[in-house]
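Visitor: need a structure here:
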Amino acid sequence: MKKVKIILTSLVMSMFLCMTAFAGQWMSDNNGWWYQNTDGSYLTDGWYWINGNCYYFGSDGYAYSDETTPDGYTVNADGAWIIDGALQTRETEVTIGAATVTVPNGYDIDADYEADAVSFDETNGFAGTLVMSVHEAGINDIREALGDEGLQAMSDAIVPEILTEISQDTVFQSKSTEQYANGTWYHYVYQVMVDGGITFQCHMYVSYVGDAVRIVATVGNNREFSESQFVSDYIR
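Guide: Predicted coordinates for the structure are as follows:
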């Protein structure tokens, strides 16, 4: 689990450095188009990836269209970033080991395919999610010998070990078992304090597919989804 600890620590620290109905949607009026997040806020002040294309939003929330952005790039009539007339795109799904994850709109991607890990951080915001898929040869043996109770016990041991790498000051709040179409997930909620006295809530989800353990960690109040929506709707 060493790689899990390292990447989760990086996710949390990177979000602190940039601190300054399901799925958002495009909205429009006589002045133009803007993107409203699920939590009712809207995207402003910079570039955001939405459904595989990149758009520039001003301080008023409206998307630039058919013009040059303040940082010197070009967008077409639909507002999407182009270079020499060619539309610039990125993937809308990322496959990490035993998990295929939909990329949330308005989030930056940091994928480590060697470690089978990917993090999604809010652009110009403070929240994010880490997804990992780790193969462990002993999972099938535990499942055969102890069933679901053995897998839950394994999860109970994994989660605090990971969080210890972030902070020695963690407080367990709750745990539950969630059933979704993509499997059974063991859900843990912790309060975590990091250097500087900053306290945040961390939701950890653990699930097993064959000999792989899928781990999801969410930090902060994500503007595009709740923790349970991400696990149930963004992962397959």
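Visitor: List the residues that contact the residue nearest to the spatial centre of the chain.
Guide: By C-alpha atoms, centre = their mean, the chain has its centre lying nearest to Thr129, at 2.8 Å. With contact set as C-beta atoms under 8 Å, 6 or more residues apart in numbering, Thr129 has these partners: 104, 119-120, 216-219, 222, 230. Every residue, glycine included, has its C-beta placed from N, CA and C.
Visitor: What's the separation between it and Thr68?
Guide: 33 Å (C-beta to C-beta, to the nearest Å).
Visitor: can you map out the helices along the protein?
Guide: 2-17, 139-164, 227-233 (DSSP state H).
Visitor: For the closest residue to Val134 other than its chain neighbours, the count of nearby residues, please.
Guide: Distances taken as C-beta to C-beta, 6 or more residues apart in numbering put Val213 closest to Val134, at 5.3 Å, once the chain neighbours are dropped. By other C-beta atoms under 10 Å, the residues close to Val213 number 23.
Visitor: Who does Val213 form a beta bridge with?
Guide: Note on Val213: beta-bridge partners Val134, Tyr208, judged by DSSP bridges.
Visitor: Now do it against Gly106, distance only.
Guide: Here Val213 is placed at a distance of 29 Å from Gly106 (C-beta to C-beta).
Visitor: Likewise for Gly61?
Guide: 12 Å.
Visitor: Give me the more crowded residue out of those two.
Guide: When Gly61 is set against Gly106 and neighbours are counted by other C-beta under 10 Å, the residue ahead is Gly106, at 25 against 18.
Visitor: residues touching the more buried one, list them.
Guide: Counting by C-beta under 8 Å, 6+ apart, Gly106 has contacts 24, 35, 37, 43, 48-50, 122-123, 125, 223-224.
Visitor: one more time with 7 Å
Guide: Gly106 makes contact with 37, 43, 48, 50, 122-123, 224, according to C-beta atoms under 7 Å, 6 or more residues apart in numbering.
Visitor: care to break the chain down by domain?
Guide: Following the assignment in automatic domain parsing, the chain carries domains at 2-17+91-233, 25-87.
Visitor: among those domains, which is the most enclosed?
Guide: Comparing those by mean neighbour count (mean count of other C-beta atoms under 10 Å), domain 2-17+91-233 ranks first with a mean of 17.
Visitor: Give me the mean pLDDT for that one.
Guide: Averaged over domain 2-17+91-233, pLDDT sits at 88.
Visitor: that older thread, quickly list what's touching both of Gly61 and Gly106.
Guide: Taking C-beta under 7 Å, 6+ apart as the contact rule, Gly61 and Gly106 both touch Leu43.
Visitor: Phi first, then psi, for Gly196.
Guide: The phi/psi pair for Gly196 (degrees, to the nearest 10) reads phi 90, psi 0.
Visitor: Quick check, Phe120 in contact with Tyr107.
Guide: Yes - with contact defined as C-beta atoms under 7 Å, Phe120 and Tyr107 form a contacting pair (4.2 Å).
Visitor: Distance check, Thr102 against Glu136.
Guide: Taking C-beta to C-beta, one finds Thr102 at 25 Å from Glu136.
Visitor: what do you get for Arg90?
Guide: Distance, Arg90 to Glu136, using C-beta to C-beta: 31 Å.
Visitor: what's the answer for Ser232, then?
Guide: Noted for Ser232: a distance of 24 Å to Glu136, by C-beta to C-beta.
Visitor: Over to Trp47?
Guide: Trp47 is 38 Å from Glu136, by C-beta to C-beta.
Visitor: ditto for Ala111
Guide: Distance of Ala111 to Glu136, computed by C-beta to C-beta: 21 Å.
Visitor: for Arg236, same thing?
Guide: The gap separating Arg236 from Glu136 is 21 Å, by C-beta to C-beta.
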